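Colleague: Any chance you could fold what I've pasted below:
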Amino acid sequence: MRFLELCTLTDSQIADLLGLMKELNSELTVTPLMQQRAVASPGTRIFIAENDEKHIVGCATLCVYESPTGRKASVEDVVVLKAYRGQGIGRTLLQRIIDFAGSKLSPIDLHLTSQPTRTEANALYQALGFVQRDTNVYKMSL
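Modeller: Numbering: from 1, shown residues only. The predicted structure is shown next:
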């Protein structure tokens, strides 16, 4: 397994990422253009896990932004292909994000959200040091 930051996109990588996003949420509409914009965005960092055949089998995204109360980052789209789960890939990807943010972006607050039904993911986040907040999360699609 190889872990790296995705800086460019091949057609194969686009297909792999689209497959991962469908595993994350089968109702998502994700396009190649959305993937290309994410990779090109200076505030977005996509960390991936590649198998020996150079297919992306896991990813986690770090979205960094400046706020009047300080630099913050949102951890998004953490997903590992079902066939590769239970091998520590998600943990390694998140640790890469934490290490990157701590060494290159500090001081910074990392935020993430997760559905309560994702019990293994929630346990992983807590084991890595994320603390559950007592807050409501709202969404508005425009």
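
Colleague: what's the helix or strand for the most centrally placed residue in the chain?
Modeller: The centroid of the chain falls nearest to Ala60 when counting by Cα atoms, centre = their mean (2.1 Å). In the assignment (DSSP states H and E), Ala60 maps to strand 56-67.

Colleague: how far does the lengthiest helix in the chain sit from the chain's center?
Modeller: In terms of residue count, the longest helix belonging to the chain (DSSP state H) is helix 11-24. Its chain's C-alpha centre and that of helix 11-24 lie 13 Å apart, by Cα atoms, centre = their mean, to the nearest Å.

Colleague: elements contacting it?
Modeller: helix 32-40, strand 56-67, strand 70-80 (3 or more Cβ pairs under 8 Å, 6 or more residues apart in numbering; DSSP states H and E). In this view, the C-beta of every residue, glycine as well, is placed from N, C-alpha and C.

Colleague: just the angle between the second one and helix 11-24, please?
Modeller: Put simply, strand 56-67 runs at 80 degrees to helix 11-24, going by axes from the mean of the first three to the mean of the last three Cα atoms, to 10 degrees.

Colleague: Could you do the first one as well?
Modeller: Per the same axes, to 10 degrees, the angle that helix 32-40 makes with helix 11-24 is 100 degrees.

Colleague: so what does the following helix or strand past helix 32-40 touch, helix or strand wise?
Modeller: Using DSSP H and E, the helix or strand that follows helix 32-40 in sequence is strand 44-50. Counting by 3+ Cβ pairs under 8 Å, 6+ apart, the packing neighbours recorded for strand 44-50 are strand 2-6, helix 32-40, strand 56-67, helix 89-100.

Colleague: In JSON lines: those, plus mean pLDDT.
Modeller: Output for those, formatted as JSON lines (pLDDT from 0 to 100):
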{"stretch": "strand 2-6", "mean pLDDT": "97"}
{"stretch": "helix 32-40", "mean pLDDT": "95"}
{"stretch": "strand 56-67", "mean pLDDT": "97"}
{"stretch": "helix 89-100", "mean pLDDT": "97"}
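
Colleague: Nearest to Asn136, out of those?
Modeller: strand 56-67 (18.5 Å; Cβ to Cβ).
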